[in-house]
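Novice: Return a 3D structure for these sequence lines:
(one chain, ligands or ions: 1)
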Amino acid sequence: MDAQLQEKWKELKARWQEIYDLTGVSALLNWDQTTYMPPAGATVRSRQLALLERLAHERRTDPAIGRLLDELQPWVESGDASAHDAALHREMRKRYDRATRIPASFAAAFAEHVSNSYTAWAEARPRNDFAAVRPYLMKTLDLSRQMADFFPGYAHVADPLIDMADGGMTVATIRPLFESLRQALAPLVAAIAERPQIDNRFLHRRYPRQQQLAFGEKIAAAFGYDFTRGRQDETHHPFMTKFSHDDVRITTRVDESDLGNALFSTMHETGHALYEMGIDSAYASTALDNGASAGVHESQSRLWENIIGRSRVFWSHYYPSLRATFPEQLADVEMESFYRAVNRVTPSLIRTEADEVTYDLHVIIRFGLELDLLEDKLSVDDLPEAWHARYQENLGVCAPDDRDGVLQDVHWYAGTIGGSFQGYTLGNIMASQFYGAALAALPQIEVEIGEGRFDTLHTWLRENIYRHGARYTADELLRRVTGQPLTIEPYLGYLRSKYSDLYGAL
Ligand code: ZN
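Specialist: As a prediction, this is how the structure comes out:
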């Protein structure tokens, strides 16, 4: 690489680092807004965030970046660039193209619409007032189709929207997979509903906040969360956020009358954080310094939360310590009863509170509705009824209103229709595939979990998944790590075996 090219590569990376830092500052302001900011700070905070977004957008779409990418293209194609540099160049190219294809005027109009739509939803949901959000939703649907049209050549109108979150995934791959999963899960849910219900009432005794937080942080640290590079704070809707390579935060929500709430949300967000913390430090502050896709990210949160955190072997080690933390509340509860309680299956109305077996049905219902809306098979007017019908059909439950129906999730009111739900279920499917590969390579992992040790598993995940950051697509990563494309069999096998053990042969 000659000196002139070297200068250009340096300049491109320096420009990208500014975008990375602006994004990190926005994340910091968002984190503060949802944790500690006094309510009166809200108005100016919105202005500050809008300003940062504008500055970041200007930098992301600066023609100088396009010019530098072009000038460096021959170097990448010549094979002289290292694999790392080639991947970095490809990722910057992808994001630059994506940012510049959407005209600034459209991006601004969409952002303004979404902000109004969100406000309308936040007011309409408590009032159970679908009519109030209906015109917003119709416009969102229209804008979502327009958004897709900036990426011509797609096979399905949802493909470009899905690609933004789960790069490389398409309706053609996801739809048949989700349909097979739905057909396998529905009878499983029905069979469980016939069995005696598991008693979980003791989870709703009074569990003081401080002890809950301390216990959750103990688990996070044991999983490998590095408190010198992060911290946990309280919020309403838990999330993980990253300000920089070495500042990756988690948030949780404590309900003193629900022991599972903070405990499993902490494990979930820790899984997201371990991924970000485990990215190769050589990628720090670059376009590769984040996870591969929404689905791969969710595979890590669900792996730590469910496959590990809701396993019998995990609680065989940690239950005595949980009981010592809450000696009165859990005095009459044996480990096995606790294990059963945190894995209780009940068809319910709310996605975020759903157990492992019913969870994906909530997601698949939403994914199907999105596609039907985008394909014009379903009108916004008929959406509330279609929602109820699909819940009845798939879960055997029906919300009494739209509040817990079509108004339940923020996604359609704060972004596009299309692209925002599939990652949750893709994550569950991939989690089983990844964990299967880890166990095949290192069978001692499960023995170690029973001893409260997670370093072998954590190291394997870091080596095989985390360190690569955004270098591979989800599909490339799956094939590299497991030798397989996306497949639901390992996930179904996991669910069938775990829940047959809990509920009797299914
Ligand atoms: Zn998550």
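
Novice: thinking R15 is in contact with I65, fair?
Specialist: Yes - counting by Cβ atoms under 8 Å, R15 does reach I65; the two are 5.9 Å apart. Heads up, the C-betas are built off the backbone N, CA and C, glycines and all.

Novice: out of these two, which sits in the more crowded spot?
Specialist: I65 (22 against 17; other Cβ atoms under 10 Å).

Novice: Might one say that that one is in contact with R93?
Specialist: No - counting by Cβ under 8 Å, I65 does not reach R93; the two are 9.4 Å apart.

Novice: picking that back up, shared neighbours, R15 and I65?
Specialist: Common neighbours of R15 and I65 (criterion: Cβ atoms under 8 Å, 6 or more residues apart in numbering): R59.

Novice: how is the chain carved up into domains?
Specialist: What the record gives for the chain is the domain set 3-144, 171-503, from automatic domain parsing.

Novice: between the ones you listed, which one is nearest to A155?
Specialist: domain 171-503 (6.1 Å; Cβ to Cβ).

Novice: Span of that closest one from start to end?
Specialist: 34 Å (Cα to Cα, to the nearest Å).

Novice: Tell me which of the domains of the chain lies nearest to V157.
Specialist: Closest among the domains of the chain, once you apply Cβ to Cβ, is domain 171-503, at 4.9 Å.

Novice: elements contacting the strand or helix carrying L181?
Specialist: Element membership for L181, per DSSP states H and E: helix 171-194. Applying 3 or more Cβ pairs under 8 Å, 6 or more residues apart in numbering; DSSP states H and E, one finds that helix 171-194 makes contact with helix 159-165, helix 356-374, helix 383-395, helix 422-441, helix 489-503.

Novice: on that earlier part again, for the domains of the chain, state which one has the densest average packing.
Specialist: Comparing those by mean neighbour count (mean count of other Cβ atoms under 10 Å), domain 171-503 comes out on top with a mean of 19.

Novice: In the stretch 251-400 of the chain, where is pLDDT below threshold?
Specialist: Filtered on pLDDT under 70, the stretch 251-400 of the chain yields no residues whatsoever.

Novice: Quick check: R205 touching D258?
Specialist: No - between R205 and D258 there is no contact under Cβ under 8 Å: 9.6 Å.

Novice: what about the stretch 1-150 of the chain, any weak spots by pLDDT?
Specialist: Applying pLDDT under 70 to the stretch 1-150 of the chain flags no residue at all.

Novice: The nearest residue to E276 once chain neighbours are set aside in helix, strand or coil?
Specialist: Distances taken as Cβ to Cβ, 6 or more residues apart in numbering put V248 closest to E276, at 4.7 Å, once the chain neighbours are dropped. The three-state assignment at V248 reads strand, by DSSP: H, G, I helix; E, B strand; the rest coil.

Novice: Can you tell me who V248 pairs with across the strands?
Specialist: Beta-bridge pairing of V248 under DSSP bridges involves K242.

Novice: Report the contact partners of it.
Specialist: If you count contacts by Cβ under 8 Å, 6+ apart, then V248 has R229, G230, M240, T241, K242, A273, E276, M277 around it.

Novice: Nearest to P187 among those?
Specialist: Comparing those against P187 with Cβ to Cβ places M240 closest, at 34.6 Å.

Novice: The residue nearest to the spatial centre of the chain and G483: what is the separation?
Specialist: Taking Cα atoms, centre = their mean, the centroid of the chain lies closest to E298, which sits 4.2 Å from it. To G483, E298 is 22 Å away according to Cβ to Cβ, to the nearest Å.

Novice: Also T286?
Specialist: T286 is 29 Å from G483, by Cβ to Cβ.

Novice: Could you do G224 as well?
Specialist: The value you get for G224 to G483, if Cβ to Cβ is used, is 26 Å.
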